[in-house]
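[1] turn this into a structure:
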Amino acid sequence: MTLASEIIAVRDLAPGDRVGYGGAYTAESAQRVGVVACGYADGYPRHAPTGTPVLVGDVLAATVGRVSMDMLVVDLSRAPKAGVGTHVVLWGEGNPVEHVAAAAGTVGYELLCALAPRVRVIEKP
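    Reported below is the predicted structural model:
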């Protein structure tokens with residue numbers, strides 16, 4: 001199974017800017033981030049920490065800040081060409097669910113079972 005979405009906004013952070021619920025992440029230097037349309041209401045692990053792997057286009061990136069209900073934020077430092085509409089693999093092809101689960105302190109099976117009914121499912125033959 002692949003859980004995928006896309007970047008819906010891009011922001012430039014200045015040193016000291018904060019991201020995520022409660023400002024859990026603070027930018028240490030200028031940083032470009034992308035907002036991804038997926039959050040814990042979709043079944044992404046709410047407890048996934050900063051640094052959880054995310055595939056942005058064809059580049060492995062990482063989350064920053066706390067996961068919110070409907071979105072999460074990713075560091076675009078390694079993906080300078082990424083922008084609104086860039087494909088993001090939260091887990092699956094190119095970003096194994098086991099890697100995401102390990103970062104979140106759980107197992108892949110829990111993540112796969114947590115997928116919310118509101119997530120559109122596309123079955124491939």
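[2] nearest spatial neighbour of residue 7, skipping sequence neighbours?
    With C-beta to C-beta, 6 or more residues apart in numbering as the criterion, residue 7 has its nearest non-adjacent residue at 4.0 Å, and that residue is residue 34. C-beta coordinates here come from the backbone N, C-alpha and C atoms, glycine included.
[3] my error: substitute residue 107 in the last question.
    residue 101 (5.2 Å).
[4] surely the one you found is within a helix?
    Yes. Under DSSP: H, G, I helix; E, B strand; the rest coil, residue 101 sits within a helix.
[5] let me see the contact set for it.
    Residues in contact with residue 101 (C-beta atoms under 8 Å, 6 or more residues apart in numbering) are 45, 107, 108, 110, 111.
[6] with residue 61 instead?
    Per C-beta under 8 Å, 6+ apart, neighbours of residue 61: 53, 54, 55, 74, 75, 76, 77, 78, 79.
[7] how about the contacts made by the third one?
    Applying C-beta under 8 Å, 6+ apart, we find residue 55 in contact with 61, 88, 89, 94, 95.
[8] what is the subsequent helix or strand relative to the strand or helix carrying it?
    Residue 55 belongs to strand 53-56 when elements are defined using DSSP states H and E. Next in sequence after strand 53-56, counting helices and strands by DSSP H and E, comes strand 59-64.
[9] in the helix or strand following that next one, what counts as buried?
    As assigned by DSSP H and E, the chain's next helix or strand after strand 59-64 is strand 72-75. In terms of neighbour count (16 or more other C-beta atoms under 10 Å), strand 72-75 has its buried residues at 72, 73, 74, 75.
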